[in-house]
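Visitor: sequence and computational prediction follow.
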Amino acid sequence: MLKRLIAGAALLALAAPLAAQNAPPTNPPTQPGTKEDPGTPRTPLPTDRGYDKPQVRTEAINNPNRDDVAEANSMTSGSSSAGAAAAISADLQAQYNADMAAWLDAMRARDSRIAANASQYDRQQRAYADAMYVWRMQVRDCERGFEFACNRPTPNPADYMR
């Protein structure tokens with residue numbers, strides 16, 4: 001009975017997605033630009049510049065700035081300012097090169113500090129391991145009855161630094 005129940009549940013679980021795929025849609029899709037479409041704006045936005053819409057309103061908004069735009073365009077496209085633009089470009093390239101050189105110097109200094117720290121850590125680790133080896137030998141000798149080993153001080157790892 002339990003096997004039949006499990007088989008029925010598995011069959012139902014597999015059949016449900018198939019039935020959902022074949023079912024007709026409940027709502028017809030909305031057409032773009034209709035009032036049912038949620039992407040259609042209801043009223044113009046108060047700060048909408050209208051760049052994507054050629055309208056009288058757009059022209060009225062943009063007209064006060066036409067002179068500034070023309071002046072800015074003439075500064076970049078004029079033949080007399082080509083030398084000035086090249087000079088600015090050369091200055092920017094020089095600054096970029098200086099910044100890259102400073103960054104490379106900083107990275108090299110950082111890498112050398114990291115390497116120095118790593119080598120110092122390796123020396124410290126080796127000194128500690130050597131001191132512990134000597135200490136274990138000292139303990140072994142003391143346990144074997146050698147009195148001089150029992151009376152010796154504990155090894156100091158700083159004595160084993162190279």
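Guide: Everything's here; your move.

Visitor: tell me the first helix or strand C-terminal of the lengthiest helix in the chain.
Guide: In terms of residue count, the longest helix belonging to the chain (DSSP state H) is helix 82-143. Downstream of helix 82-143, the next assigned helix or strand under DSSP states H and E is helix 147-151.

Visitor: for that next one, name the packing helices and strands.
Guide: helix 82-143 (3 or more CB pairs under 8 Å, 6 or more residues apart in numbering; DSSP states H and E). Using the backbone N, CA and C atoms, a C-beta is placed for each residue, glycine as well.

Visitor: quick one: distance of the helix it packs on to the chain centre.
Guide: With CA atoms, centre = their mean, to the nearest Å as the basis, helix 82-143 stands 23 Å off its chain's centre.

Visitor: least trustworthy helix or strand in this structure by mean pLDDT?
Guide: When the helices and strands of the chain are scored by mean pLDDT, DSSP states H and E, helix 2-22 comes last with a mean of 70.

Visitor: could you list the low-pLDDT ranges of the protein?
Guide: 11-12, 14-33, 35, 38-54, 76-83 (pLDDT under 70).

Visitor: what about 80?
Guide: In the predicted model, the chain carries pLDDT under 80 at residues 1-5, 7-59, 73-88, 162.

Visitor: other SSEs contacting the longest helix of the chain?
Guide: Contact partners of helix 82-143 among helices and strands, from 3+ CB pairs under 8 Å, 6+ apart: helix 147-151.

Visitor: what's the helix it packs on in contact with?
Guide: For helix 147-151, the external contacting residues (CB atoms under 8 Å, 6 or more residues apart in numbering) are 138-139, 141-142.

Visitor: over to stretch 129-146?
Guide: 149-150, 152, 154-157, 159-160.
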